[in-house]
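Q: Let's see this in three dimensions:
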Amino acid sequence: MDDSEDDQFGPEVHIGMWKHYDSLRQAKNSAFLTANSILVAITGVLFKEAKSVELILFVSIVGILVCISWFLLLSRNAAYIEYHRERAGGGNKNFWMPKTRTPRSKWLDRTPLAAFFLFWVAVLISKVLSG
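A: Residues are numbered from 1 along each chain as shown. Now for the predicted structure:
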């Protein structure tokens, strides 16, 4: 779809899509937080019961893959939100941008992702070095 075809939609449509993608972002964050929390709990049980190193390595690799998927989905979702925000503002990239010095939500959303990713890398490295 080129820009001329896209111009047939009014700002209301783009605002609606913006809201839709924001809701999807929140749902994705919730699902990935839950998935990572479950994997952390499994890892805790495996560490506590001194289960095999291979199983802990497997869970940590799954955790890393989950984090990579999370990052890619958040990046794609942020691009959709930016697109609809710009279209709703008639080409203005700063349409409805808050007047604040805090980081934008697309960067803050990645903080839990980064924490879990670093956790999984640390588990992987610790098990490789000790095992």
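Q: so Tyr21 makes contact with His84?
A: Yes: the criterion here is CB atoms under 8 Å, and Tyr21 meets it with His84 at 6.8 Å. Glycine gets a C-beta too; all of them are placed from N, C-alpha and C.
Q: ok, the two, which is more surrounded?
A: His84 (23 against 20; other CB atoms under 10 Å).
Q: Check which residues of the strand or helix carrying that one are buried.
A: Using DSSP states H and E, the element containing His84 is helix 53-88. By neighbour count with 16 or more other CB atoms under 10 Å, helix 53-88 contains the buried residues 56, 59-60, 62-64, 66-67, 70-71, 73-74, 77-78, 80-81, 84-88.
Q: And stretch 22-38, by the same measure?
A: So for stretch 22-38, counting by 16+ other CB under 10 Å, buried means Asp22, Arg25, Lys28, Asn29, Phe32, Ala35, Asn36.
Q: just curious, which of the residues you listed is nearest to Gly16?
A: Asp22 (10.7 Å; CB to CB).
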